[in-house]
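A.B. asks: Need coordinates for the below:
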Amino acid sequence: MTWIRFALVVMFCAAPPAWSVIETYQFDAPELEQRYYMLSQELRCPKCQNQNIADSNAPISQDLRKLLHQQLQAGASDEEILDYMVARYGEFVRYRPRFGGVSLLLWAAPALLLLTGMVIMLLVLRSRKGAGGESAALEPDERARLDQLLEKAEQDS
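C.D. replies: Next up, the predicted model:
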């Protein structure tokens, strides 16, 4: 039984390096390699959705890393590369989407919903206050009848 535990420990210790992504791309300049790693962290895997292309082993991520390398070697700027990826895969491919268009609605929606809720709450409270104030005012004959009932209740107790 002890040797099985030992084998399991060795297997689990050796397995994580096998899961990692190993890139073998050659770059003409260290700046290009640095830009490659920065952009590969910025781009999301379209299949995995919660991993960037640097960490994903999905075939689409491998293709995107290869395409990223080719575009960097061809002299494309970071903005050109990101624009190409967004045009092809949508704004979702970026971990930090641009502020504008549909993403503007997503950023503003919580504040708009909160503001709408506060306005509705104020309107409801005002309408209840108005309704409560009107019903609390008694006519003189109703006031007299209430006073009689209260006096009778005091005498009975």
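A.B. asks: quick check: longest helix of this structure.
C.D. replies: Selection of the longest helix in the chain by residue count, based on DSSP state H, yields helix 102-136.
A.B. asks: Kindly provide the whole-number mean pLDDT of that helix.
C.D. replies: In this model, helix 102-136 has a mean pLDDT of 82.
A.B. asks: Return the residues in contact with residue 98.
C.D. replies: Contacts of residue 98 were listed using C-beta atoms under 8 Å, 6 or more residues apart in numbering, and they are residue 91. All C-beta spots, glycine's among them, are computed from the backbone N, C-alpha and C.
A.B. asks: That one looks like it's in a helix, true?
C.D. replies: No. Counting by DSSP: H, G, I helix; E, B strand; the rest coil, residue 98 is located in no helix; its state is coil.
A.B. asks: Ramachandran angles for it?
C.D. replies: phi -70, psi 150 (degrees, to the nearest 10).
A.B. asks: Adjust the sequence numbering to begin at 20 for everything that follows.
C.D. replies: Sure, I'll start numbering at 20, so the last one becomes residue 117.
A.B. asks: So it versus residue 53, what's the distance?
C.D. replies: Using C-beta to C-beta, to the nearest Å, we find residue 117 at a distance of 23 Å from residue 53.
A.B. asks: Show me what secondary structure element comes after the worst-scoring helix or strand of the chain on mean pLDDT.
C.D. replies: Every helix and strand in the chain was compared by mean pLDDT, DSSP states H and E; the lowest is helix 21-38, with a mean of 64. Secondary structure here is assigned by DSSP states H and E; on that basis, the next helix or strand after helix 21-38 toward the C-terminus is helix 49-61.
A.B. asks: outside of that following helix, which residues touch it?
C.D. replies: Around helix 49-61, the neighbours that count as contacts under C-beta under 8 Å, 6+ apart are 44, 46, 71-73, 84, 87-88, 91-92, 97, 100-101, 113-115.
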